[in-house]
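Undergrad: Mind looking at a prediction? Sequence and model below.
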Number of protein chains: 2
Amino acid sequence: MKAGGWTAVWFRAAAACVLTLCFGCLHVVTLKSQPLTRFGGFPQSTGPPISYETFYFGQKIDHFGFLEDGTFKQRYLVADKHWQQPGGPIMFYTGNEGDITWFCNNTGFMWEIAEELGAMLVFAEHRYYGESLPFGQDSFSDSKHMNYLTSEQALADFAVLIQNLKSTLPGAQHSPVIAVGGSYGGMLSAWFRMKYPNIVIGALASSAPIWQFPGMVPCGDFYKIVTQDFAKSGSNCDANIRKSWKAINNVSSTASGLQWLSEEFSLCTPLKNKNDAIVLKNWLQETWVDLAMVDYPYEANFLQPLPRWPIQVVCKYLGFSSTVSDYQLLHGVSQAAKVYYNYTGSTSCLNTSQTATGSYSRLDLPGACTEMVMPMCTDGIQDMFEPEEWNFQAFSDECNAMFGVRPRADWADTVYGGKDIASHSNIIFSNGGLDPWSAGGVTHNITDSLVSIMIPDGAHHLDLRYSNDQDPASVRAARAIEVKYFQKWIREAEKTASKP
Amino acid sequence: MKAGGWTAVWFRAAAACVLTLCFGCLHVVTLKSQPLTRFGGFPQSTGPPISYETFYFGQKIDHFGFLEDGTFKQRYLVADKHWQQPGGPIMFYTGNEGDITWFCNNTGFMWEIAEELGAMLVFAEHRYYGESLPFGQDSFSDSKHMNYLTSEQALADFAVLIQNLKSTLPGAQHSPVIAVGGSYGGMLSAWFRMKYPNIVIGALASSAPIWQFPGMVPCGDFYKIVTQDFAKSGSNCDANIRKSWKAINNVSSTASGLQWLSEEFSLCTPLKNKNDAIVLKNWLQETWVDLAMVDYPYEANFLQPLPRWPIQVVCKYLGFSSTVSDYQLLHGVSQAAKVYYNYTGSTSCLNTSQTATGSYSRLDLPGACTEMVMPMCTDGIQDMFEPEEWNFQAFSDECNAMFGVRPRADWADTVYGGKDIASHSNIIFSNGGLDPWSAGGVTHNITDSLVSIMIPDGAHHLDLRYSNDQDPASVRAARAIEVKYFQKWIREAEKTASKP
């Protein structure tokens, strides 16, 4: 089993190669010690200052049973500055695994199109994240309290919230609603349109790997794309990373080697044994994956503060064309890793129990151990990682040992349609060619109204970010097409509504 | 609040006018003391002897949570005599509230078309009915055990079962599946196609009142149709029933009147007070509703053994054209009621705690008190019943007092789309013009592939029954159209499957 990096830690956990080893390298955007401010002054933050109101809606804890009749406060953010009343559209962000203010701040696309569409923006927080805790501080205390953390419940939250907004908000009764989401939130957007077409007239599912489930796509594609990103960002870059694993094995076989590695990588906690070296390797693997996700064409601070085209910068340290010693190679690797972890120069030491800016939390595992089973594998040939097969049984056993639950490998296929979704309509699947998650995305048109938009030089949901002078033409075109679809759906909805 | 009769007691209960009064008059086909044999020798039983195999599938108790990880045995019946392997279609009956063998025996239409379609027949039992009890004998012991009795869980059962059949049954992997159901089972069929279009290519929803929910249709339409059935089955028939309520009030105001009523109606338990007279009225109202549902054109034994066009027979006793005494009027009413309860002449006394052949069971209430809120009302003018308004709050209070749960008035609309279902496809909604449940049915085409078939002289899901020499032309035509749609869907599915 292999780990795939992502802000959606449900998936990250699902894909965890060896859970006990990978836990340390998972990260969660929700658990940042300080709330992220929008782009922290980085130059891509070119949007106007945003302003929204925060509301809370009394949501059923269990939509699918009636024994647990309690409610919790679901947070949602509303910006109606440009909303054309009555009946103007509502752009509805289907919150993913994190504090909704973070997604609100990182989805510049919605802010930029609000005026053109005359739209209200709503950002709805996903249950169990941010402030939307079904049982308050007890929400994660045990599996009983976590039982309502499923995508189905989250979709029902969104549906009920929208129905409530439309029935209580003056002018919203006939407002067409469009779902928007990225990553896991994009999956939710797509599924939302599939399951509740009465609630949303369409959906933009950006970088949404709805096919990264058993039997749908080859388990190795994810890491192949990561590898390709490095291969095309610098000569020998992927090849040298492929060699680095054995170099770590070699160097870490002695005490002095471990000490050298610890110093070379400026580790906060020195490596003590071979097992620590495995942690180091997993952490590096996660790092390369994260870099592939955030390989943006401009300075950005999505997971970490990073230069433009960060993989190109990383690869400058990994360009050895001839055979070098293990130590020389790993020196390059350490320099490369520091591009990711210390671009600002303010990091005193690197922590292998963290990737990006977050840290692992068990909160995020149950999705992976229940309905979000995402097979990943590597072969070391078509990708630059150590070979590792996908082993569902081992994964299931790990889940059972840790949480007392077993994942349902086929449930996502059954409930969300898998590859057989052609009867649905009005969904845009946008994917970045650099984004490893495009491996599980919908990258071809299925019907006239289930369309795919490829952004060849885009990383993870680049289209949802604020526009930037350094944006490639492909993402500009993608955004323009997306808006055209929104306008088309809105026109069609208005036409339907005006029928006697 | 008003009671509407139906084999779907979820709905019957939902509509119960005054729960404490109506409980006695509810009936459940599942609770017959003996399993119904197919038509019991009545002449409409013209189909060939049927033969099926019985299987059990280990089904998750909770599809939407992972804490309750237990399974139960879901029963399903398979008849593959005419199945064309590999890839022949599967006609899948989405079991409703009752023993699946009863629906299997009463859905002659499926048996009659199996050969023409080369189809396998599967009849899947609804959880909590027949032998498909999630917690065995404890399934109804308390609200905790009954928590998983919802339509969403039932649909998930069907989906998982079909996925399993297709992956394990040789020759079934590429079999297109069509859902068929009547009444509440028809609602499930329609919803099944809406929510799981990846599992079923289309659905026949016969007499499925998917719009009998708050705000979708006028609450009085149901009883208007009942009244119209009586109005057109005999002169003055509806008018005399309308007068009968006051006559019962008058006569029951004295002890001798109560005694006379008890004897006249051959009641098993004599009436003792005014309250018993209210029970009598509710029981009669239920009886007229049941008659409207089973007003079939031939002798049948669906809820009760009955003559052909039973309302015409009933109305022979209610044809008074001039003013008659209360006693004369009620004599006619008692004769009319005995058509329903004693057509065979073998009934020694009538029991007002039962309508049709069943008796009330609390098992069936939670659906009504949770997600199946079906408003009904009468005004005594456009219908022949005592006026009674729909009062959701009172209904909710009753549910809360009895089961500790409150119904969610808007949930069915939110989760199943209400009137906004145009984005779905491949559903036939067939309705009988005589069937009061057509009030909540889809009685006009919504799109080219969401079609309505009206059977003007049909009662409750007549089209699903065995064909009969006395069938009106309308139901013959309906069945022929239904088969054409099935064939069209199957052809389209085969075309899609054969694409590279």
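TA: Nice, thanks for sending it over.

Undergrad: so how far is stretch A:121-132 from its chain's centroid?
TA: Relative to its parent chain, stretch A:121-132 has a centroid offset of 15 Å by Cα atoms, centre = their mean, to the nearest Å.

Undergrad: Please save the CA atoms from that stretch in CSV.
TA: Taking only C-alpha atoms (Å, rounded to 0.1, in the frame of the first residue of the first chain), the coordinates of stretch A:121-132 have been written out as CSV:
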residue,chain,number,x,y,z
LEU,A,121,-21.3,33.0,-2.5
VAL,A,122,-21.9,30.4,0.2
PHE,A,123,-19.1,28.3,1.8
ALA,A,124,-20.5,25.5,3.9
GLU,A,125,-18.3,23.7,6.4
HIS,A,126,-18.0,19.9,6.3
ARG,A,127,-19.2,18.3,9.5
TYR,A,128,-16.5,17.3,12.0
TYR,A,129,-14.2,20.1,10.7
GLY,A,130,-13.6,23.6,11.8
GLU,A,131,-16.3,24.7,14.1
SER,A,132,-18.9,22.3,12.8
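
Undergrad: Just confirm yes or no for that stretch near chain B.
TA: No: if you take Cβ under 8 Å from any Cβ of the partner chain as the test, stretch A:121-132 misses chain B, and the best it gets is 13.0 Å. Just so you know, the C-beta spots here come from the backbone N, C-alpha and C atoms, and that holds for glycine as well.

Undergrad: for the record, mean pLDDT for that stretch?
TA: Mean pLDDT, taken over the full extent of stretch A:121-132, equals 97.

Undergrad: same question, stretch A:167-174
TA: Along stretch A:167-174, the predicted confidence averages to a pLDDT of 96.

Undergrad: The host helix or strand of residue A:205: partners in the sheet, and parallel or antiparallel?
TA: Under the assignment given by DSSP states H and E, the secondary-structure element containing residue A:205 is strand A:202-206. According to DSSP bridges, strand A:202-206 forms sheet pairs with strand A:177-182 (parallel), strand A:427-432 (parallel).

Undergrad: can you put the ones you listed in a markdown table and add mean pLDDT?
TA: A markdown table is the format used below for those (pLDDT from 0 to 100):
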| stretch | mean pLDDT |
| --- | --- |
| strand A:177-182 | 98 |
| strand A:427-432 | 98 |
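
Undergrad: among those strands, which is nearest residue B:369?
TA: Nearest to residue B:369, of all the strands paired with strand A:202-206, is strand A:177-182, at 30.3 Å by Cβ to Cβ.

Undergrad: after that closest one, next one along is what?
TA: Sequence-wise, the next helix or strand beyond strand A:177-182 is helix A:184-195, with elements assigned using DSSP H and E.

Undergrad: on contacts alone, who are the packing partners of that next one?
TA: Counting contacts by 3 or more Cβ pairs under 8 Å, 6 or more residues apart in numbering or on different chains; DSSP states H and E, helix A:184-195 packs against strand A:90-94, helix A:151-168, strand A:177-182, strand A:202-206, strand A:427-432.

Undergrad: If you rank every helix and strand of chain A by mean pLDDT, what lands last?
TA: Among the helices and strands of chain A, helix A:19-22 carries the lowest confidence by mean pLDDT, DSSP states H and E, at a mean of 22.

Undergrad: Who does the helix or strand just after that one pair with, and is each partner parallel or antiparallel?
TA: Later in the chain than helix A:19-22, the nearest helix or strand by DSSP H and E is strand A:53-60. For strand A:53-60, the paired strands and their directions (DSSP bridges) read strand A:71-79 (antiparallel).

Undergrad: Can you give the contact residues for the partner strand?
TA: When contacts are defined by Cβ atoms under 8 Å, 6 or more residues apart in numbering or on different chains, strand A:71-79 is touched by residues A:50-61, A:100-101, A:104, A:111, A:114, A:120-125, A:127, A:130-136, A:157, A:161.

Undergrad: Could you do stretch A:222-234 as well?
TA: Outside of stretch A:222-234, the residues within contact range by Cβ under 8 Å, 6+ apart are A:2, A:4, A:15, A:212, A:237-238, A:241, A:288-289, A:291-292, A:295, A:309, A:311-312, A:314-316, A:318-319, A:376-378, A:382-385, A:434-440.

Undergrad: so where's chain A shaky on pLDDT?
TA: Applying pLDDT under 70 to chain A flags residues A:1-48, A:355-366, A:500.

Undergrad: any idea of the angle the strand holding residue A:205 forms with strand A:90-94?
TA: Per axes from the mean of the first three to the mean of the last three Cα atoms, to 10 degrees, the angle that strand A:202-206 makes with strand A:90-94 is 40 degrees.

Undergrad: ok, back up a step: would you mind checking the contacts of strand A:71-79 for buried ones?
TA: With neighbours counted by 16 or more other Cβ atoms under 10 Å in any protein chain shown, those contain buried members at A:50, A:52, A:57, A:59-61, A:100-101, A:104, A:111, A:114, A:120-125, A:127, A:130, A:132-135, A:157, A:161.

Undergrad: Can you spell out which helices and strands pack onto the longest helix anywhere in chain A?
TA: Among all segments of chain A classified by DSSP state H, the helix with the greatest residue count is helix A:473-498. Under the contact definition 3+ Cβ pairs under 8 Å, 6+ apart, helix A:473-498 sits against helix A:108-117, strand A:177-182, strand A:202-206, strand A:427-432, strand A:450-455.

Undergrad: who's in contact with residue A:328?
TA: Applying Cβ under 8 Å, 6+ apart, the residues near residue A:328 are residue A:320.

Undergrad: which ones are touching residue A:456?
TA: Contacts were defined as Cβ under 8 Å, 6+ apart; by that measure residue A:456 touches A:433, A:434, A:474.

Undergrad: Let me have these in CSV, extended by neighbour count.
TA: Converted to CSV, the contacts of residue A:456 look like this (neighbours: other Cβ atoms under 10 Å in any protein chain shown):
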residue, neighbour count
A:433, 16
A:434, 28
A:474, 18
